[in-house]
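Visitor: For reference, the sequence and a predicted model appear below.
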Amino acid sequence: MDKLLRFPFSCFVLISGVFLTSCTDRYLFDMPDTIETRLYEQDAEILSRFVDIDMENGWYYLNTQRGSFFDLLPQSYRNELNLVAEENRQIFLREMEILNRNLASVIDNGSSDFVVFSTPRKYVTKKINPNSTIEFFSKSPGTSTRLANQSHSLSLTGFDDAQNQLNFNSGKYVDCLVDMTASGGSNFLITISESKSNATPNGSDPTNPYSITYSGYGSYSGITRWTHSNWGNNLQWNMESYIAIAPTTGNAVFSSVQ
């Protein structure tokens with residue numbers, strides 16, 4: 001009698017084991033081999049679309065508030081924002097804080113004539129030196145002629161804290177076309193200056209630095225006109241770029257102006 005009772009029980013255990021093994025195998029088969037993780041560059045690129053500029057305080061911030069330009073962005077951007085990993089968001093904000101601290105130092109110390117703030121949507125300039133003779137143009141000025149055969153290129157790329165120099169002779173006026181791109185949601189911080197103060201109206205006066213600091217996210221392109229303190233057709237210009245935070249690509253082309 002005991003053998004008869006044990007036989008159905010043994011069958012039940014065997015059948016249950018086969019069923020559980022089958023379900024477990026099926027569960028493992030349906031699971032993905034790896035759990036998808038989001039790349040930082042992917043999330044940073046999304047976050048960079050929401051960067052805004054506080055001109056009163058001279059810094060960047062992440063603007064995801066309703067009732068601002070946030071509402072004007074495509075719905076797809078807002079949908080992607082919801083997918084950003086919190087860890088990547090915090091890294092992005094820490095890198096922004098480093099940029100803001102550097103900008104605060106430039107503004108507080110008056111070490112540049114202008115600071116350019118740039119985002120994927122716009123750029124604005126903050127004038128630090130009221131006596132600066134540097135001019136900004138929203139588009140190529142049409143009142144003068146640039147001499148194409150008298151153009152000189154200054155690199156804006158390299159490792160952080162690098163310096164590039166460019167020496168050339170030209171007349172009293174030169175136009176400078178700056179192009180920079182920071183990819184993968186990264187930012188940039190570059191200062192272009194007349195390094196030996198030959199073009200500075202007050203000579204070597206440290207309160208008149210004759211320089212521009214460019215900062216931002218995404219791509220920037222702009223034209224400025226620089227004026228030498230002397231008159232002549234063969235004046236010495238000594239330009240320098242200081243790379244605090246390197247862009248992905250960057251170049252400044254100085255062209256003589258008639």
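Guide: The structure has been received and is ready for your questions. Residues are numbered from 1 along each chain as shown.

Visitor: What helix or strand is the residue sitting nearest the centre point of the chain located in?
Guide: Nearest to the mean C-alpha position of the chain, by CA atoms, centre = their mean, lies residue 187 at 2.3 Å. Using DSSP states H and E, residue 187 falls within strand 173-194.

Visitor: Give me the buried positions along the next helix or strand after that strand.
Guide: Sequence order places strand 211-227 as the next helix or strand after strand 173-194, per DSSP H and E. Neighbour counts over strand 211-227 (16 or more other CB atoms under 10 Å) mark 211-220, 222-226 as buried. Placement of C-beta: from N, CA and C, glycine included.

Visitor: Given strand 211-227, what are its sheet partners and their directions?
Guide: In the sheet, strand 211-227 lines up against strand 114-118 (parallel), strand 135-137 (antiparallel), strand 173-194 (antiparallel) (DSSP bridges).

Visitor: and those strands, which one's lowest on average pLDDT?
Guide: Of all the strands paired with strand 211-227, mean pLDDT reaches its minimum on strand 135-137 (a mean of 90).

Visitor: what sits up against that one?
Guide: By CB atoms under 8 Å, 6 or more residues apart in numbering, the surrounding residues in contact with strand 135-137 are 114, 125, 222, 223, 224, 225, 227.

Visitor: how close does the nearest residue to the third one once chain neighbours are set aside sit to residue 256?
Guide: It stands for residue 222. Nearest residue to residue 222, sequence neighbours excluded (CB to CB, 6 or more residues apart in numbering): residue 178, at 5.6 Å. The gap separating residue 178 from residue 256 is 17 Å, by CB to CB, to the nearest Å.

Visitor: same check, this time on residue 50
Guide: Taken as CB to CB, the span from residue 50 to residue 256 is 41 Å.

Visitor: Now do the SS call for residue 76.
Guide: Put simply, residue 76 is helix when judged by DSSP: H, G, I helix; E, B strand; the rest coil.
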